[in-house]
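Peer 1: Quick one, what's the 3D model for this:
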Amino acid sequence: MPKIDVSFILLSVLCLIVGIAMGIVMGAAHDFTFTPVHAHLNLLGWTSLALFGLVYKSYPALKNSWLANTHLILSGSTAVIFPVGIYVSIAHQNPALAIAASFVALAGILVFFANLVRVFFFAEKATPTAEEALA
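Peer 2: As a prediction, the model looks like this:
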């Protein structure tokens, strides 16, 4: 499996490609019925996943836990499933998938938060900082 940071970034770019293509099609047709789908694909897909990837790249210790893989599965799948759920909600007046996906999105964010707390407050430091060494 590719690195977590790379996986997040690649998936984010795929979402951006689909989101931009969708925006072009909507603009060409002058039909903006599915603007919320486009917006959520770009926000949850491109923006959130890219930021997650950059955070994992900036803080490599975040990758050293099952939480990272769980986060990728939850947030990566939600970035695709949530916009589909919004489409189904708009096109077929059935919001069940969008509602379920919103809870999965929340779970992904909570797992990410737990991983951040684990690393920033509870992880063992491999080497002391200069200030700690002098103390």
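Peer 1: How about stretch 29-47, which residues are buried there?
Peer 2: For stretch 29-47, the buried set under the neighbour-count rule, 16 or more other CB atoms under 10 Å, comprises 34, 37-38, 40-46. Using the backbone N, CA and C atoms, a C-beta is placed for each residue, glycine as well.
Peer 1: Likewise for stretch 77-86?
Peer 2: 78-83, 85-86.
Peer 1: Against Ile90, how distant is the residue nearest the centre of the chain?
Peer 2: For the chain, Leu49 is the residue whose C-alpha lies nearest the centre (CA atoms, centre = their mean; 3.5 Å). The gap separating Leu49 from Ile90 is 23 Å, by CB to CB, to the nearest Å.
Peer 1: Among the buried residues of stretch 29-47, which lie within helices?
Peer 2: Counted as lying in helices by DSSP state H, out of those, are 37-38, 40.
Peer 1: Could you dump those residues into TSV with pLDDT and distance to Leu72 added?
Peer 2: Below are those laid out as TSV (pLDDT from 0 to 100; distance: CB to CB, whole Å):
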residue	pLDDT	distance to Leu72
Val37	96	23
His38	95	23
His40	94	19
